[in-house]
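> Can you look at this prediction? I've put the sequence above it.
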Amino acid sequence: MKKLGLLLSLLLSFTFLRADEGMWLMMLLNKNISQMQEMGLQLTAEDIYNVNHSSMKDGVVIFGGGCTGEMISKDGLLLTNHHCGYSNIQALSSEEHNYLGDGYWAKTREEELPCEGLSVQFLISMEEVTSILLEGITDETSEADRKALIKERSEELVKSHNEDGKYFVHIANMFNGNAYYMFIYLEFPDVRFVGAPPSSLGNYGGDTDNWMWPRHTVDFSLFRVYADKDGNPAPYSADNVPYQPKFYFPISLAGPEEDDFAMIIGFPGRTDRYACSYAIEMKMKEENPVIIASRGKKLDVITAARQQSKKTDIQYANKAAMVSNYWKYTIGQTEQVVNNRVIEKKREIEDQFIQWANASPDRQIYRGVIDEYANIYKEYSQIAKARVLYHEAIFSSTDLFLVWGPLYGLDALLAKKEYKKGTDKYQGIVAYLESLSEDFETLYKDYDIAVDQDIMSTMLAYFYEESTPEQRPDMFNKMVKKYKGDFNKLTADLYKKSILHDQQAIHDFIKNPNAKTLKNDRVYQLLQTFYSFYLQNMVFSNETQERLSRNHRLFMRGLMEMNPNKLFYPNANSMMRLTYGQVKGYEVEDALTARYYTTLEGTIAKYRPGSWEFDLPERIVELFNSKDYGPYADQDGKIRACFLTNNDITGGNSGSPVINGKGELIGCAFDGNWEAMSGDLFFETEVQRTIAVDIRYVLFVIDKVGGAKHLVDEMKIVK
């Protein structure tokens with residue numbers, strides 16, 4: 001417990017060294033509020049985070065489980081990125097109502113469209129619970145016992161704080177298991193689509209501009225949160241009313257200038273800033289090349305198919321976006337790890353750690369940490385490539401895996417006597433399958449057998465080429481030999497003898513499940529064989545995972561003890577964080593400096609009529625030519641499109657509010673820049689930037705392009 005007490009005192013006593021790097025916990029803002037105010041913040045810590053009164057944290061939500069959104073009116077209007085709302089807009093779109101391609105603006109509340117499965121979560125409070133979870137746990141406690149105790153105590157905390165399901169309670173691991181925090185959320189399941197620009201504006205630049213600066217996309221969409229008449233969360237109902245949030249952001253028309261104070265509140269997903277050099281080296285050599293190649297091949301198939309018909313374009317728009325975003329991210333990360341010398345920097349830290357550990361007998365526990373990392377990742381590297389191959393080329397390749405997954409193991413169950421038709425257990429399976437009906441219906445809405453079959457053929461061929469015979473199931477090796485390496489024919493025959501791609505056949509199976517159907521289904525059996533082989537041969541042992549968990553914890557704790565005056569912050573883990581800094585450009589390379597903002601002039605300069613990525617609606621070209629910008633232009637008479645800050649964000653921050661020193665909304669964060677694509681592994685102070693869409697560009701598009709000034713009118717605009 002002495003070690004725990006020392007660590008907690010270190011965590012609570014750090015002082016700031018710089019403002020740009022770091023994703024800070026909201027409840028600890030009193031530790032850094034002075035520097036924030038010196039930089040230009042005109043608010044108190046209580047204005048930003050307060051559990052007893054309304055504060056900014058009440059105006060920022062988890063949107064759809066993977067993005068951030070902010071409240072921008074007293075009637076529950078929500079702003080997030082276009083790419084965050086993309087899947088919901090796509091799900092609502094059809095050839096007759098192509099909201100993705102044409103945009104959409106609800107003229108009345110009645111025209112706001114329900115989004116099935118979409119919810120938002122408001123943070124109610126957070127609390128440190130380290131002493132509760134780690135009481136009595138020492139360095140001598142086995143990893144298995146440690147894990148079991150933490151799990152048991154976490155479950156007790158959740159049960160005692162969720163008020164019989166009213167709240168969602170999450171216990172978050174911080175600093176690699178050295179600290180724990182409890183987050184309590186209130187979830188609203190009735191969220192409706194209000195408006196968004198056409199994809200030619202909301203996704204302007206497409207894959208070419210993704211992760212790049214300069215940027216000109218107006219990446220936003222609007223939704224509204226609904227509640228029951230008492231303001232409580234409720235499932236969709238025509239009787240629900242717009243939610244009245246405790247806080248919503250005023251919107252500034254003044255615009256940001258270089259070196260202005262800027263902060264961002266959001267829910268960053270995942271960083272690995274304290275990863276060791278061996279982990280990153282394995283990632284670069286074994287994992288990233290597979291991700292890049294497999295996703296590139298899948299993207300080629302989808303892109304070609306989307307160009308064949310409007311229906312397929314709509315069906316596969318979101319799937320393409322999901323594949324391409326991480327594909328390009330991984331390309332950039334691989335390139336910038338080299339350019340920014342990330343592995344070399346990590347090795348320098350590790351060398352310092354070894355010297356520090358060897359300098360005192362009191363640090364005996366830390367002496368083998370770096371060597372242990374080397375040993376563990378040497379072991380991991382033997383199957384790292386194959387593991388990623390299975391994930392990318394098999395498990396996430398085809399939509400049929402999403403059908404197969406819920407049916408996994410049913411062939412064996414249905415063959416047992418106790419699951420015979422007419423028994424209670426059989427009826428339990430029927431009830432389970434019927435509960436999946438809506439999910440299957442949603443999946444088949446955007447399913448094209450020809451595209452899916454082409455993807456599977458391509459991915460099976462790639463998997464075979466990149467794996468060794470020992471890394472593949474015998475069943476698959478024999479199939480490839482039988483078809484003489486003709487994966488098109490192999491896949492075609494598989495699909496002929498499967499119900500997984502046939503919505504009606506799946507519907508019939510749900511009504512009358514039986515083992516024979518699954519036993520004879522060749523796609524089902526192949527996927528089952530792949531998965532079973534993976535579990536038997538591609539999963540690290542519990543002993544190895546426990547060694548790694550302990551080593552992560554010791555390395556993190558040792559780094560903190562080695563640097564008692566250095567500020568540490570937890571890796572991103574989808575919990576609410578705040579980052580603060582300034583509006584600022586950067587030096588791209590020698591003699592080439594990136595200005596901190598772009599303009600509509602730059603948008604028009606990229607315009608290519610009919611282009612897949614750089615087309616524009618006629619309306620915005622007309623407005624540009626007439627200079628009809630309303631009150632949304634900057635002092636120089638130009639529309640500013642996007643701007644840069646040196647705030648520290650990552651995936652999950654998409655849609656986050658960018659806030660000035662007065663607490664006013666000046667932008668919506670949506671991306672990072674190419675030169676810092678290694679930033680999730682090591683923060684690059686000189687070049688790492690957040691890209692945000694200027695809020696005035698958002699308002700201009702809503703009002704002048706979309707003709708939806710009524711939405712602007714319900715916002716609080718500050719001039």
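Noted; the coordinates are in hand.
> buried residues in the lengthiest helix in the chain?
Ordering each helix of the chain by length in residues (DSSP state H) puts helix 317-339 first. For helix 317-339, the neighbour count (16 or more other C-beta atoms under 10 Å) marks 317-321, 323-325, 327-334, 336-337 as buried. To be clear about C-beta, it is placed using only N, CA and C from the backbone, and glycine gets the same treatment.
> Check which element follows it along the chain.
Moving toward the C-terminus from helix 317-339, the next helix or strand (DSSP states H and E) is helix 342-358.
> same question for that next one, mean pLDDT?
For helix 342-358, the mean per-residue pLDDT is 98.
> can you tell me which residues contact residue 332?
By C-beta atoms under 8 Å, 6 or more residues apart in numbering, the residues touching residue 332 are 211, 674, 677.
> so which strand or helix has residue 398?
Counting by DSSP H and E, residue 398 is part of no helix or strand.
> What's the local residue count around it?
27 (other C-beta atoms under 10 Å).
> cool, and residue 683?
Residue 683: 18 neighbours (other C-beta under 10 Å).
> any idea how far the nearest residue to it once chain neighbours are set aside lies from residue 31?
Closest residue in space to residue 683, ignoring its immediate chain neighbours: residue 21 at 4.4 Å, by C-beta to C-beta, 6 or more residues apart in numbering. Distance, residue 21 to residue 31, by C-beta to C-beta, to the nearest Å: 15 Å.
> By neighbour count, which of the contacts of residue 332 wins?
Using other C-beta under 10 Å as the neighbour test, the contacts of residue 332 are led by residue 677, with 24 neighbours.
> And the closest residue to that residue other than its chain neighbours, how close does it get to residue 340?
Closest residue to residue 677 apart from its sequence neighbours, by C-beta to C-beta, 6+ apart: residue 332 at 3.2 Å. Counting by C-beta to C-beta, the separation of residue 332 from residue 340 is 11 Å.
> same question, residue 446
From residue 446 to residue 340 the distance is 39 Å (C-beta to C-beta).
> okay, the two: which has more neighbours?
residue 340 (21 against 18).
> isn't the more buried one right up against residue 678?
Yes. Here residue 340 reaches residue 678: they are 5.1 Å apart, a contact under C-beta atoms under 8 Å.
> what sits in contact with each of those two?
With C-beta under 8 Å, 6+ apart as the test, residue 340 and residue 678 both reach residue 684.
> any weak-confidence spans in the protein?
For the chain, the stretches flagged by pLDDT under 70 are 1-19.
> and it, what are its domains?
Under the assignment automatic domain parsing, the domains of the chain span 1-270+572-719, 274-386, 397-539.
> tell me the most buried of these?
Among those, domain 1-270+572-719 has the highest mean neighbour count (mean count of other C-beta atoms under 10 Å), at a mean of 19.
> doesn't residue 502 make contact with residue 403?
No. Using C-beta under 8 Å, residue 403 makes no contact with residue 502, being 9.8 Å away.
> quick one: contacts for the closest residue to residue 190 other than its chain neighbours?
Take residue 190 and drop its neighbours on the chain: the residue closest to it by C-beta to C-beta, 6+ apart is residue 226, 4.0 Å away. For residue 226, the contacting residues are 76, 188, 190-192, 234, 236, 240-243, by C-beta under 8 Å, 6+ apart.
> go on, residue 607?
Here residue 607 is in contact with 614-616, 621 (C-beta under 8 Å, 6+ apart).
> go again using 10 Å as the cut-off
200, 204, 216, 614-616, 620-621, 624 (C-beta atoms under 10 Å, 6 or more residues apart in numbering).
> any chance of those residues in CSV, plus distance to residue 689 and secondary structure?
As requested, those are exported to CSV (distance: C-beta to C-beta, whole Å; DSSP: H, G, I helix; E, B strand; the rest coil):
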residue, distance to residue 689, secondary structure
200, 25, helix
204, 19, coil
216, 16, coil
614, 23, coil
615, 27, coil
616, 25, coil
620, 26, helix
621, 29, helix
624, 26, helix
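> Secondary structure class of residue 581, three-state.
Classification of residue 581 by DSSP: H, G, I helix; E, B strand; the rest coil places it in strand.
> Quickly list what it is bridged to.
Per DSSP bridges, the residues bridged to residue 581 are residue 262.
> what's the distance between it and residue 43?
The value you get for residue 581 to residue 43, if C-beta to C-beta is used, is 16 Å.
> swap in residue 64?
For residue 64, the distance to residue 43 (C-beta to C-beta) stands at 28 Å.
> Identify the contacts common to residue 332 and residue 340.
In terms of C-beta under 10 Å, 6+ apart, residue 332 and residue 340 are both contacted by the residues 675-679.
> which residues of the stretch 51-200 of the chain fall in strands?
Assignment of strands within the stretch 51-200 of the chain using DSSP state E, counting those that start in this stretch yields the ranges 60-63, 67-71, 77-80, 104-105, 113-114, 120-128, 168-174, 179-188, 190-196.
> packing partners for the fifth one?
Other elements packing on strand 113-114 under the criterion 3 or more C-beta pairs under 10 Å, 6 or more residues apart in numbering; DSSP states H and E are helix 82-92, strand 190-196.
> which one of these lies closest to residue 485?
Set against residue 485 and scored by C-beta to C-beta, those come closest in helix 82-92, at 36.2 Å.
> The closest one vs helix 317-339, what angle?
Counting by axes from the mean of the first three to the mean of the last three C-alpha atoms, to 10 degrees, helix 82-92 lies at 160 degrees to helix 317-339.
> so residue 688 makes contact with residue 647?
Yes. Contact criterion C-beta atoms under 10 Å: residue 688 and residue 647 qualify, at 9.1 Å.
> what do those two both touch?
20-21, 672.
> In strands, which of the residues you listed appear?
Within those, residues falling in strands by DSSP state E are residue 672.
> Could you point out which of the shared contacts of residue 688 and residue 647 is nearest to residue 286?
residue 672 (24.5 Å).
> Next up, the contacts around that closest one.
211-213, 329, 332, 647-651, 653, 679-680, 688-691.
> Residue 263 now?
Residues in contact with residue 263 (C-beta under 10 Å, 6+ apart) are 19, 24, 36, 39-41, 43, 48, 56, 578-582, 645, 647, 656-661, 663.
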